[in-house]
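A.B. asks: Sequence and predicted structure are below.
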Amino acid sequence: MYKVMAVNAGSSSLKYKLYEMPEEKVLCSGNCERIGHEDGIFGLKYGDKKVREILPILDHAKGVELVIDALIKYGIIESLEEIKCVGHRVVQGGKYFSKSAEFNEDTEKKVTELIPLDPLHAPAHLTGFHAFKEALPHADAIAVFDTAYHQSMEPEDYVYPIPYEMSEKYDCRRYGAHGTSHNYLADKAIADYFGGKAEGTRIITCHIGSGSSLAAIKDGKCVATSMGLTPLGGVMMGTRTGDLDPSVMDYLCTCTGKSVDEMYDIFNKKSGFLGVSGVSNDTRDVEEAANQGNERAKLAIKLFARTVANFIAQYYVRLGGADMIIFSAGIGENSDTFRAAILKNVEEALGLSVDYEANKGIHGTQGLISKKDSKIMVSVIPTDEEVMIARDCYKKIQGVL
């Protein structure tokens with residue numbers, strides 16, 4: 001048995017989960033929130049107990065210190081030497097990584113090079129890596145990339161129709177995101193619904209939450225995904241536009257007098273559900289407003305459902321059909337309203353027979369929401385990116401990563 005730590009360092013947060021492997025038993029989990037503030041929040045769950053403290057967490061190093069101290073303080077481990085590997089979620093692996101990798105000097109250099117593609121997350125990932133390396137110098141460290149799973153795409157699925165020399169010189173292409181989640185969902189579906197055989201399967205995964213992306217998966221490998229060069233592309237999201245006519249940027253900059261940087265910030269942080277509804281980036285708030293008759297909230301829901309449905313239809317064609325559509329992440333796992341709105345856009349064209357009563361009963365649990373006569377199975381599967389990180393940590397320990 002080995003203990004491994006799965007870490008997700010954000011710009012102002014540090015999520016963590018400690019596993020016992022290969023049993024995949026969760027020993028504890030938690031989050032350091034509001035890093036950089038005097039009123040930071042430290043959270044820990046272990047067994048049936050919860051710890052929550054409000055205290056200064058001025059940087060990620062302090063957050064890591066709190067995590068490490070709590071593991072000993074609450075008897076979750078007896079010695080730090082028990083932790084054999086720390087796996088770090090890294091959003092952008094660029095063209096360099098098609099699988100998880102040892103977090104060594106070369107990996108650090110490449111992640112640093114990729115900061116322009118992910119200025120929000122990459123610096124935090126590097127900070128988290130250094131903080132844990134200092135606290136646990138004996139432990140192996142690996143980087144698990146959100147983009148790695150999408151590296152199996154063919155050039156015609158990731159190359160942009162810009163001057164080719166720009167694609168080559170600047171590595172400007174579709175990278176996608178949420179790959180660890182899409183990988184988990186495909187593996188879980190293949191294991192639970194297709195007898196463990198990936199060959200011949202055609203799966204469309206819908207990771208829809210505050211950030212959303214879809215993937216077309218054939219024989220267990222990604223062939224297409226909706227996010228692009230950055231997580232701004234694809235479907236409409238909580239605060240992000242998703243795909244736009246490129247001329248919208250130039251037109252709105254001309255109309256408003258705002259700079260490209262200012263408009264890019266609006267596209268990333270003030271658009272999507274927030275921008276269309278004028279209510280919130282949280283779909284629960286938007287749904288409540290729509291139920292109260294707010295027309296812009298209703299439009300936001302319809303717009304989101306249509307954009308997701310459009311990608312489902314596109315990927316049905318890309319795969320030459322489909323055997324399963326999977327819903328996951330915050331919206332996909334918990335909102336029967338949004339699942340129904342999306343499916344009603346495609347059910348006739350794709351020959352779906354949806355059990356809308358079963359759909360109403362699934363919130364955060366796994367289950368089928370299609371009927372037996374449906375041409376395509378439709379399921380809800382809660383995602384688990386952390387366990388994928390833990391599995392790769394175990395592979396590193398075993399020397400097979």
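C.D. replies: Nice, I can see it. Numbers count the residues shown, from 1 in each chain.
A.B. asks: What's the per-residue pLDDT of the residue nearest the centre of the chain here?
C.D. replies: Central residue of the chain (CA atoms, centre = their mean): residue 178, 3.4 Å from the mean position. For residue 178, the pLDDT comes out at 92.
A.B. asks: what do you get for residue 13?
C.D. replies: 80.
A.B. asks: what's the neighbour count on the residue nearest to it when sequence neighbours are not counted?
C.D. replies: Of all residues beyond its chain neighbours, the one nearest residue 13 is residue 33 (5.2 Å), with distances taken as CB to CB, 6 or more residues apart in numbering. Any C-beta I mention is one placed from the backbone N, CA and C, and that applies to glycine too. When neighbours are counted by other CB atoms under 10 Å, residue 33 registers 19.
A.B. asks: and residue 33, what does it touch?
C.D. replies: 12, 13, 40, 41, 43 (CB atoms under 8 Å, 6 or more residues apart in numbering).
A.B. asks: same thing with residue 203?
C.D. replies: Neighbouring residues of residue 203 by CB under 8 Å, 6+ apart: 185, 186, 189, 190, 216, 217, 218, 322, 323, 324, 325, 326.
A.B. asks: Hmm, residue 56 and residue 40 touching each other?
C.D. replies: Yes. Here residue 40 reaches residue 56: they are 6.1 Å apart, a contact under CB atoms under 8 Å.
A.B. asks: Quick one: distance of stretch 58-72 to the chain centre.
C.D. replies: Put simply, stretch 58-72 sits 24 Å off its chain's centre (CA atoms, centre = their mean, to the nearest Å).
A.B. asks: what phi and what psi does the backbone show at residue 36?
C.D. replies: Residue 36 adopts backbone torsions of phi 100, psi 0, taken as degrees, to the nearest 10.
A.B. asks: likewise the one 5 residues further on?
C.D. replies: Residue 41 adopts backbone torsions of phi -120, psi 120, taken as degrees, to the nearest 10.
A.B. asks: same thing with the one 10 residues further on?
C.D. replies: Residue 51 adopts backbone torsions of phi -120, psi 130, taken as degrees, to the nearest 10.
A.B. asks: residues near the residue nearest to it when sequence neighbours are not counted, how many?
C.D. replies: For residue 51, ignoring the flanking residues on the chain, the nearest one in space by CB to CB, 6+ apart is residue 44 at 4.1 Å. A count of neighbours around residue 44, defined by other CB under 10 Å, yields 22.
A.B. asks: Same question for residue 204.
C.D. replies: Residues near residue 204, counting by other CB under 10 Å, number 27.
A.B. asks: which residues does it contact?
C.D. replies: Contacts of residue 204 by CB under 8 Å, 6+ apart are 214, 215, 216, 217, 312, 315, 316, 319, 322, 324, 325, 326.
A.B. asks: burial count for residue 362?
C.D. replies: There are 20 residues near residue 362, going by other CB under 10 Å.
A.B. asks: Show the contacting residues for it.
C.D. replies: Contacts of residue 362 (CB under 8 Å, 6+ apart): 336, 369, 380.
A.B. asks: from what I can see the second one touches residue 358, true?
C.D. replies: The one in question is residue 369. Yes. With contact defined as CB under 8 Å, residue 369 reaches residue 358; the gap is 5.0 Å.
A.B. asks: and these two? which has more neighbours close in?
C.D. replies: Higher neighbour count among residue 369 and residue 358: residue 369, with 25 against 16, using other CB under 10 Å.
A.B. asks: Could you report the pLDDT at the closest residue to that one other than its chain neighbours?
C.D. replies: Among residues not flanking residue 369 along the chain, residue 359 sits closest, at 4.2 Å (CB to CB, 6+ apart). Predicted confidence (pLDDT) for residue 359: 96.
A.B. asks: low pLDDT regions in the stretch 301-401 of the chain?
C.D. replies: For the stretch 301-401 of the chain, applying pLDDT under 70 flags no range at all.
A.B. asks: Tell me how far residue 282 lies from residue 364.
C.D. replies: To residue 364, residue 282 is 16 Å away according to CB to CB, to the nearest Å.
A.B. asks: ok, the two, which is more surrounded?
C.D. replies: Neighbour totals were compared for residue 282 and residue 364, and residue 282 leads with 15 against 9 (other CB under 10 Å).
A.B. asks: my guess is the more buried one meets residue 209, correct?
C.D. replies: No. The criterion here is CB under 8 Å, and residue 282 misses it with residue 209 at 10.5 Å.
A.B. asks: In contact with residue 142, which residues are there?
C.D. replies: With CB under 8 Å, 6+ apart, residue 142 has these contacts: 85, 86, 87, 88, 100, 101, 102, 103, 392, 393, 396, 401.
A.B. asks: give me that answer again for 7 Å
C.D. replies: 85, 87, 100, 101, 102, 103, 392, 393, 396, 401 (CB atoms under 7 Å, 6 or more residues apart in numbering).
A.B. asks: and it, bridged to which residues?
C.D. replies: Assessed by DSSP bridges, residue 142 has beta-bridge partners residue 87, residue 102.
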